[in-house]
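Novice: my questions concern the predicted model and sequence given below.
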Amino acid sequence: MSSERPMGTTLQQDSAIYLDYNATTPVDPRVFAAMEPYFKDLFGNPASAGHHWGWVAENAIGKARTQVASLIGARPLEITFTGGATESNNWVIFGLLSKLREENPTAPIHFITSQIEHSSIMKAMAAVQKQGVEVDFLPVNKYGQVELETIKKAIKPHTKLMSFIWVNNEIGSINPIPEIAHIAREHQIYLHTDATQAAGKIPVNVTDMGIDLMSFSGHKIYGPKGVGALYIRGKDPKVQLNPLIYGGGQERGLRSGTVNVPAVVGFGVACEICQQNLTAETQHMTELRNFLWQQLQEAIPGVHLNGHPTERSPANLNITLPGIKTEQILPRLQKLGVSTGSACGTGAMVVSHVLRGLGLSTDEVQCSLRLSLGRWTTQEELTKAAQILKNAINK
Ligand code: PMP
């Protein structure tokens, strides 16, 4: 299943351990090998329809589109390549609003989302709110899942879009997207899901599950950064969005700009590898994650798990340390690549809205850490990671 380990995931000499795969993953060497020729000899512009260089590039994109579609159970033409999930998320919100306003400039519009979405949804929703869209940011339960009853109560006659994150990037909780899709379908509302942490990691089938729009990204699944996709349902119903980016008409006029061919090729191969190994990798990740949780509980009495105990990403743990601010111990965690619930980079404390959304106090958020595992994580590293944390706390 696994290929050669990218050097960057571990600094052999001083045994640093990367446990931040939810932030980004290294490119799988097989992905890198597939991309390389498209930086070199196969450099053509896919829009150059009159010569060999263009056709080669166009064929490569076509193959990648099939690989990406196959991972999520879509048809290739339902996939549009974007610059990543941030763009895909923005596109859904602004592109749908533009389309709806074109059809009826004065009709009221209501969108529904949750309080613990990625900032690319939160901020885009806030932006359309300023443009007159009614937006409901629904609360979540203590596990960070949006409840079906809460959704049903929020629906209005003019609700046009629901957007919910599938697997939360901070706490790993899984939303019941197929069940939500069912509700959306009953009310003829489009369902969009931000599946950036779901696609390639848990089974996803947009067709069977009744999803209308779905965002995902290359660099969370061992592909390159700066490439992603938006799935747009092509029939039953055919979803229509206006473009976010206008220009030369690439991607069937939906997303202009010369396609980043090497990145798209890499994204395609990354999806194919994930699809081939999904079951085995999910099982392996779950075992490793459970092992780490056990190690952490032994090393840190009173440690608390954020998010759902079982309905969670196989590769994510988010923990609150008992009364220990991560800021205090971070200097002693330099050999551990983890992410914290709050950051103080610019002098202003930024506290995770996701953890706050779960009901954690600001103090608890400041005591929280996310550990996320990936393709090359080993049990030995996890034992060491728990030890490093324990030592940092005990000091
Ligand atoms: N949504 C989620 C859930 C994410 O985890 C991320 C990446 N942190 C994004 C959207 C944004 O993805 P990208 O980096 O591809 O823009």
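Specialist: Looks like it arrived, so ask away.

Novice: walk me through the domains of this structure.
Specialist: Following automatic domain parsing, one finds the domains of the chain at 17-28+278-394, 29-272.

Novice: rank these by pLDDT, which is bottom?
Specialist: Mean pLDDT values for those show the minimum at domain 17-28+278-394, a mean of 92.

Novice: now do the same end-to-end measure for that one.
Specialist: End-to-end distance of domain 17-28+278-394: 20 Å, with C-alpha to C-alpha, to the nearest Å as the criterion.

Novice: what of stretch 339-359?
Specialist: First residue to last in stretch 339-359 (C-alpha to C-alpha) measures 19 Å.

Novice: please apply the same query to stretch 102-119.
Specialist: Taking C-alpha to C-alpha, stretch 102-119 runs 27 Å from one end to the other.

Novice: quick check: buried residues in that stretch?
Specialist: Neighbour-count burial for stretch 102-119 flags 109-118 (criterion: 16 or more other C-beta atoms under 10 Å). C-beta: built from backbone N, CA, C; applies to glycine.

Novice: now do the strands in the stretch 51-200 of the chain.
Specialist: In the stretch 51-200 of the chain, the strands defined using DSSP state E, counting those that start in this stretch lie at 79-82, 110-114, 134-138, 159-165, 190-194.

Novice: let's have those strands in JSON lines, adding distance to residue 4.
Specialist: Below are the strands of the stretch 51-200 of the chain laid out as JSON lines (distance: least, C-beta to C-beta, whole Å):
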{"stretch": "strand 79-82", "distance to residue 4": "27"}
{"stretch": "strand 110-114", "distance to residue 4": "39"}
{"stretch": "strand 134-138", "distance to residue 4": "44"}
{"stretch": "strand 159-165", "distance to residue 4": "32"}
{"stretch": "strand 190-194", "distance to residue 4": "31"}
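
Novice: show me the longest helix that occurs in this structure.
Specialist: helix 261-299 (DSSP state H).

Novice: any part of that helix near the ligand?
Specialist: No - using C-beta under 6 Å from any ligand atom, helix 261-299 never reaches the ligand; the gap is at least 10.5 Å.

Novice: against which helices or strands is that helix packed?
Specialist: Judged by 3 or more C-beta pairs under 8 Å, 6 or more residues apart in numbering; DSSP states H and E, helix 261-299 is in contact with helix 29-35, helix 52-72, strand 316-320, helix 379-394.

Novice: list the buried residues of that helix.
Specialist: By neighbour count on 16+ other C-beta under 10 Å, the buried set for helix 261-299 is 261-275, 278, 281-282, 284-286, 288-289, 292-293, 295-296, 299.

Novice: could you do stretch 357-376 as well?
Specialist: Applying 16+ other C-beta under 10 Å to stretch 357-376 flags 357-358, 360, 364-376 as buried.
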